[in-house]
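In: next input, structure requested:
(chains A and B)
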There are 2 protein chains.
Amino acid sequence: MLKIGICGYGTVGQSFVEHLRVHDDKIQSSVSEEFEIALIADRSIDKKEYNKDIAVTKDVMEMTSDSNINIIVELIGGIDIPYKVITSAIKNKKHVITANKALIAEHGDEIFKLAKEHNVYFGFEASVAGAIPIIQTLTNSMSNENILSITGIINGTCNYILDQMSSHGLEFNDALDEAKELGYAEADPTFDINGMDAAHKISILASLVYKIKSPLKNTYIEGIENITTMDIEYAKELGYSIKHVGITNKKNDSIQCRVHPVLIHKDNILSQVLGVMNALLITGDKFGTSMLYGNGAGGDATASAVVTNLVEAINFSSGKDLRNKNIFKSSGENSFNISKNEDIASPFYLRIYAHDISGVMAEITNVLANEDISIEAVTQHEPIDLDSLIPIVMITNSVNGISISNAIKKIESLAHVEGKVHAIRVLKTDER
Amino acid sequence: MLKIGICGYGTVGQSFVEHLRVHDDKIQSSVSEEFEIALIADRSIDKKEYNKDIAVTKDVMEMTSDSNINIIVELIGGIDIPYKVITSAIKNKKHVITANKALIAEHGDEIFKLAKEHNVYFGFEASVAGAIPIIQTLTNSMSNENILSITGIINGTCNYILDQMSSHGLEFNDALDEAKELGYAEADPTFDINGMDAAHKISILASLVYKIKSPLKNTYIEGIENITTMDIEYAKELGYSIKHVGITNKKNDSIQCRVHPVLIHKDNILSQVLGVMNALLITGDKFGTSMLYGNGAGGDATASAVVTNLVEAINFSSGKDLRNKNIFKSSGENSFNISKNEDIASPFYLRIYAHDISGVMAEITNVLANEDISIEAVTQHEPIDLDSLIPIVMITNSVNGISISNAIKKIESLAHVEGKVHAIRVLKTDER
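Out: Alright, predicted model coming up:
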């Protein structure tokens, strides 16, 4: 009888226990050994409801050295304590499951190595895109060929806000308030909005797929704070949605890993991912383009991924499923250059405010031509009243970040152009 | 060194060999034992190009009793010969991989039992939706909870034809001709167009998920032959696409398994699956709604699924991955009632031709009201010229197949209604 310890008994922990209770028959029939939840550790367990047959403790470190516990499910959150719990547990030869993306993105390299050394199972399916079995799919069916690119809508809060701005014309702050009210955004949504959460997730996927150390520190990260309802409207007129994505791909000996808003053409199925849903578009050299779509957050969805790992962990423990060894076999071995944002080429959306004076468009297009940037589409909108500025919106050909920065500086210095030029990358066809 | 035999060396077989060659490193690092292709059997191998280091034979039965061969990859097509090859191979304790959906839908129950008895690996990932790892996902991460429903666009030919009719206004026959020219439809596309191919696939999924014997014989099957460009246009006006889908779900003690065209609302991501792409929308009681999207056909996509199975087969053979046992553990054990088409409730799209005479709409709505059918949306189109009939298009509330049949008979007998009433089911919200 394998003994499971749960560290952290919040929403996901409680959903996990409930999932095991409801689907006990199905889960028992997938595993080769019986198991039970033997211990729950939570600092405020006395304020929570739990099955009184299960032993509890307030000391989260206790179970990492408890010789009765075989598998630890870490659901605490934060980085420092989970790091201590997980590394200590692995050193004590316990199998570990976690949903902690920040921890894996920051310390995954070390933990993967430790798990390999101590020959224990380490599962983190729930750390990226909740119920979508992306880790399992990438490390199983998709591990037998070259992954050319992954483009993912991997932050449900951002996607919900942008979708509400698009479908109901809400301004950013109103959409954010609504997301908070509905529980789709945390009380402090900073890491969702500024892109850090998505950066953790895309770093984990990049390190898995390309067998590199976590590229988090070299990941270009931009949030959605500067997206306006106006940009969303202008993009729509040109046939695009604005989405917040994580992208990783490999070109020659360089790997891109970046997080930012993009314009996605309406024919790309990723543009149709609405509300809080997550989706990952993955291109392989043999299977072509695939997409996995589902719930990226929420207690039940996340617990569902933890259960997937639990079944793997039990079958690993009894020697019936040793695939987990392959995940870490050559992890972190490759070393590639991570492309800088200024060296990455893509088409750009530009929004420029100018005085309604004849010749201003010619001035702008001259600047672009001098930087070898051509214009694929352009719309000039009417000024709201006689005195106001005209918004000029365009989509360029595919150019490097550095070229667009140079052009923007020159455009901003033009006499008839006012304020900052707003630039957003456009997803290229080969990133579909 | 494990020896692989390939039976049938057409497009998929050749892509499979090429995939193994190109990605040898990646595949070798996922398996626990070395392997090589030792024998290719194909009736017309002398007319084909192949690596002359590999032994060949024209006798497809030969390798099933060859004691050197450990794993047989069956890619012949048809039913009778593959049935003999596979059953004979399993009885001789060989692991088997097949892409043959017709065979599994017809004889899966027997083959699954045989594989369990002889303790061999049996893989059929490529039989449903090509490169989409649907079998692996359903039998792994999604096997730990209740699958409430699967709704799949699982025939690329049908999806391409309907998409071309929708986006370019082509008539059915012209779209079919175009699909043939582009290689998206077979020379004889009967089984794609009439729904039989999709029926094979949804039967396989239903039997896997609900642990029942293949429900093929009780599956309601309707193709796309009767869909007109006009219906597609009218559906679009009401906010729907017309797609050809396979549906399986479980309600109380009844299982639905059916294949037919449906109207899908544009907010449902399944309506955005274009061209030859396949997609499966799956709802579980814990993970919620997920979708897997990708290439459903083509040599490389299908070969990619065969490679996935090969890795599993090798690791099964060496005892490192025994998950395949769980797939067949309780297969075919459950016995549920398969719902008849007339007992299945859904909203319906109706297209009725009537003479432009006052009172005709009242007559039609009276018939519907007498059958307890209400109208959710209706559009009445202008006649093309003064003498012509007016098309009346409506969407009903959710009603049983038998009620709609009764109502249609009565509507067709009305004096001012001409010809047949055309009915298409509308996908319900809970089938999203």
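
In: in three-state terms, label the residue of chain A most remote from its centre for me.
Out: Most distant from the centre of chain A: A:Ser358, at 45.1 Å, with distances by C-alpha atoms, centre = their mean. What DSSP: H, G, I helix; E, B strand; the rest coil gives for A:Ser358 is coil.

In: distance of it from B:Asp174?
Out: A:Ser358 sits 49 Å away from B:Asp174, going by C-beta to C-beta, to the nearest Å. C-beta coordinates here come from the backbone N, C-alpha and C atoms, glycine included.

In: same check on A:Pro347?
Out: Remark: distance between A:Pro347 and B:Asp174 (C-beta to C-beta) = 34 Å.

In: neighbour count winner among these two?
Out: Just comparing A:Pro347 and B:Asp174: by other C-beta atoms under 10 Å in any protein chain shown the higher neighbour count belongs to A:Pro347, 22 against 15.

In: contact partners for that one?
Out: A:376, A:395-399, A:425-426, A:428 (C-beta atoms under 8 Å, 6 or more residues apart in numbering or on different chains).

In: show me where the stretch 51-200 of chain A has helices.
Out: A:80-91, A:101-117, A:134-139, A:156-168, A:172-181, A:190-193, A:196-210 (DSSP state H, counting those that start in this stretch).

In: show me what the shortest one is in contact with.
Out: With contacts defined as C-beta under 8 Å, 6+ apart, helix A:190-193 is touched by A:155, A:157-158, A:161, A:176, A:185-186, A:196-197, A:223-225.

In: tell me the most packed of the residues you listed, by neighbour count.
Out: Result: A:Asn155 is most packed of those (other C-beta under 10 Å), 32 neighbours.

In: pull the contacting residues for that residue.
Out: Residues near A:Asn155 by C-beta under 8 Å, 6+ apart: A:192, A:195, A:197-198, A:201, A:244, A:278, A:296.

In: give the rounded mean pLDDT of the longest helix seen in chain A.
Out: Longest helix of chain A, by residue count under DSSP state H: helix A:299-317. Helix A:299-317 carries an average pLDDT of 97.

In: A:Glu74 and A:Val311, how far apart?
Out: Using C-beta to C-beta, A:Glu74 is found at 17 Å from A:Val311.

In: same thing with A:Gly108?
Out: When A:Gly108 is compared with A:Val311 (using C-beta to C-beta), they lie 22 Å apart.

In: thought A:Glu74 was touching A:Gly10, still the case?
Out: No - here A:Gly10 does not reach A:Glu74: they are 11.8 Å apart, not a contact under C-beta atoms under 8 Å.

In: all strands of the stretch 301-432 of chain A, in order?
Out: Counting by DSSP state E, counting those that start in this stretch, the stretch 301-432 of chain A has these strands, from start to end: A:337-338, A:345-346, A:348-354, A:375-380, A:390-396, A:399-400, A:417-426.

In: angle of the third one against strand A:375-380?
Out: Taking axes from the mean of the first three to the mean of the last three C-alpha atoms, to 10 degrees, one finds that strand A:348-354 is oriented at 30 degrees with respect to strand A:375-380.

In: next, the angle from strand A:348-354 to strand A:417-426.
Out: Going by the same axes, to 10 degrees, strand A:348-354 makes 170 degrees with strand A:417-426.

In: parallel or antiparallel, list what pairs with strand A:348-354.
Out: strand A:390-396 (antiparallel), strand A:417-426 (antiparallel) (DSSP bridges).

In: and A:Gly10 and A:Glu74? Which one has more around it.
Out: More neighbours surround A:Glu74 than the other of A:Gly10 and A:Glu74, with 27 against 14 (other C-beta under 10 Å).

In: so for the more buried one, what's the nearest residue that isn't a sequence neighbour?
Out: A:Thr98 (4.3 Å; C-beta to C-beta, 6 or more residues apart in numbering or on different chains).

In: what sits against that neighbour?
Out: The contact partners of A:Thr98, taken as C-beta under 8 Å, 6+ apart, are A:73-75, A:82, A:86, A:104, A:123-124, A:126-127.

In: repeat the analysis, applying 7 Å as the threshold.
Out: A:Thr98 sits next to A:74, A:82, A:86, A:124, A:127 when contact means C-beta atoms under 7 Å, 6 or more residues apart in numbering or on different chains.

In: what is the neighbour count of A:Asn366?
Out: 12.

In: so it versus chain B, what's the distance?
Out: Here the criterion is C-beta to the nearest C-beta, to the nearest Å. By it, A:Asn366 lies 39 Å from chain B.

In: swap in A:Gly284?
Out: A:Gly284 is 7 Å from chain B, by C-beta to the nearest C-beta.

In: thought that residue was touching A:Asn144?
Out: No - taking C-beta atoms under 7 Å as the definition, A:Gly284 is not a contact partner of A:Asn144, at 8.9 Å.

In: when the two are compared, which one has more neighbours?
Out: Taking other C-beta under 10 Å, A:Gly284 and A:Asn144 do not tie; A:Gly284 has more neighbours (27 against 22).

In: and the pLDDT at the more buried one?
Out: A:Gly284 is given a pLDDT of 96.

In: list the contacts for the residue lying closest to it once chain neighbours are set aside?
Out: Leaving aside its sequence neighbours, A:Gly284 sits nearest to A:Glu145 (C-beta to C-beta, 6+ apart; 4.8 Å). A:Glu145 sits next to A:284-287, B:23, B:26, B:304 when contact means C-beta under 7 Å, 6+ apart.
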